[in-house]
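K.L.:
here's a sequence, model it:
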Amino acid sequence: MVHSHMIGSENPVDMVRHIFWHLNENSKNITGVLSCESGELFLRYLREYVSQLMAPWLQEIPAVKDIPKDFLPDHISASFVNVIQYWIKCGMAQSPETMCAYFMAAVGPLLQGRQISE
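P.N.:
Predicted coordinates:
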């Protein structure tokens, strides 16, 4: 698959896939940053970035019973960072598309009722 620059996409699958592509393209730098003292700081900023990036889209998610609406962006961005950490732990052997599919499958149940298309 040819990578295209579409970070402004309204499709969350495209946004997530785009971030995975950038991480893959910069895998040596990313693993270097995460293995040093700045690793936790990088992950915190990445989590905040993902939360802000997805905020407009996440606002359209219907209310989920027993879950405050402001909880979902934090939960989803934390889940995204966890998927990245898993990917790095596995040597980034999976493709960005596979990691995107893992992430969307993991958060999909929370996003029922919201149109998610690839």
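K.L.:
can we go C-alpha only for contacts and neighbour counts from here?
P.N.:
OK.
K.L.:
helices along the protein, start to end?
P.N.:
Secondary structure of the chain (DSSP state H): helices located at 12-25, 27-34, 39-58, 71-89, 96-107.
K.L.:
wait, which of these is closest to Lys65?
P.N.:
Lys65 lies closest to helix 71-89 among the helices of the chain, at 11.9 Å (CA to CA).
K.L.:
contacts for the closest one?
P.N.:
For helix 71-89, the surrounding residues in contact (CA atoms under 8 Å, 6 or more residues apart in numbering) are 31, 43, 46-48, 50-51, 54-55, 58, 93-94, 99, 102-103, 107.
K.L.:
pLDDT below threshold where in the chain?
P.N.:
1-10, 61-64, 111-118 (pLDDT under 70).
K.L.:
could you redo the last one with a cut-off of 50?
P.N.:
1-7, 115-118 (pLDDT under 50).
K.L.:
dead centre of it: give me the residue that sits there.
P.N.:
Geometric centre of the chain, nearest residue: Phe80, 3.8 Å, by CA atoms, centre = their mean.
K.L.:
pull the contacting residues for Ser38.
P.N.:
Listed by CA under 8 Å, 6+ apart, Ser38 has no contact partners.
K.L.:
quick one on the thing from earlier: is it possible to export the helices of the chain to TSV including distance to Lys65?
P.N.:
Converted to TSV, those look like this (distance: least, CA to CA, whole Å):
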stretch	distance to Lys65
helix 12-25	22
helix 27-34	36
helix 39-58	16
helix 71-89	12
helix 96-107	16
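K.L.:
which one of the ones you listed is the most hemmed in?
P.N.:
Highest mean neighbour count of the helices of the chain: helix 12-25, a mean of 19 (counted as mean count of other CA atoms under 10 Å).
K.L.:
relative to helix 96-107, how tilted is it?
P.N.:
Angle, helix 12-25 to helix 96-107, by axes from the mean of the first three to the mean of the last three CA atoms, to 10 degrees: 130 degrees.
K.L.:
other SSEs contacting helix 12-25?
P.N.:
Judged by 3 or more CA pairs under 8 Å, 6 or more residues apart in numbering; DSSP states H and E, the packing partners of helix 12-25 are helix 96-107.
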